[in-house]
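Enquirer: Sequence and predicted structure, then a few things I'm wondering about:
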Amino acid sequence: MDKNTPINTEHQTFESLKHTSEDSEFWYARELQTTLDYSRWQRFERVIKKAIKACEGSGQLSENHFTQVVQMVEIGSGAKRSTPDYQLSRYACYLIVQNADASKAVIANGQTYFAIQTRRQELNDDTGFQQLHEDQKRLMLRNELADHNRQLAAAAKDAGVETIKDLGGTMPEDLPTPDQSIPQLVRAQKKLENDD
């Protein structure tokens, strides 16, 4: 058997559990529970709760990824009973697999699957980034940096850390802007070298 077979099998199983609704995709936790080899809901729900904490710890709204729902399930002779469940985003599934019992082969394969998918997305993002014009790259990076700085400042404030501004220093965004940008300097340097 090829060493990639378990990962491919888990990928097919994971993707086959996917539901779609109004241009969004989701998975039901109880269906995922069975696939991840958890026989008792209570144990699997503990993993879900850990994943929710990880989600919130990363600054995400857990409600966007873990939606509590009630499913009607058949209990025999045509009778139905309401059962609590979750609709999970792909990110929620990732967090669940990361917080589950890695000693189970299916969990280890799931972790590998998500690691591979993450790397593929990074490569796609990098390819897309490389196709941008320099000004677009610069703007994208500046916006990302500004967003991270806002998050860092908020975390520092919550932790009671004083900022540069609080200490009487000059904030980076208030520093003077140079006459030439880095790419302009590089081009000028290359031109000087070519003239020599």
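Expert: Looks like it came in fine.

Enquirer: Just the helices from this structure, written as ranges.
Expert: Counting by DSSP state H, one finds helices in the chain at the ranges 5-16, 29-35, 41-57, 90-99, 105-130, 134-158, 182-195.

Enquirer: These: which one's closest to residue 82?
Expert: helix 29-35 (12.5 Å; CB to CB). Where C-beta positions appear, they are placed from N, C-alpha and C, glycine not excepted.

Enquirer: Average pLDDT for the closest one, rounded please.
Expert: Over the span of helix 29-35, the pLDDT mean works out to 91.

Enquirer: now swap in stretch 14-21 and tell me
Expert: pLDDT averaged over stretch 14-21 equals 86, rounded to a whole number.

Enquirer: Now do the contacts for the most centrally placed residue in the chain.
Expert: Nearest to the mean C-alpha position of the chain, counting by CA atoms, centre = their mean, stands residue 91 at 5.5 Å. Residue 91 makes contact with 55, 60, 65, according to CB atoms under 8 Å, 6 or more residues apart in numbering.

Enquirer: which one in those is the model shakiest on?
Expert: In terms of pLDDT, the lowest of those is residue 60, showing 91.

Enquirer: Excluding residues flanking it in the chain, which one is nearest that residue?
Expert: Counting by CB to CB, 6 or more residues apart in numbering, the nearest residue to residue 60 once its immediate chain neighbours are dropped is residue 91, at 7.4 Å.

Enquirer: remind me which residues of the chain are low pLDDT?
Expert: 1-12, 148, 152, 156, 161-164, 167, 196 (pLDDT under 70).
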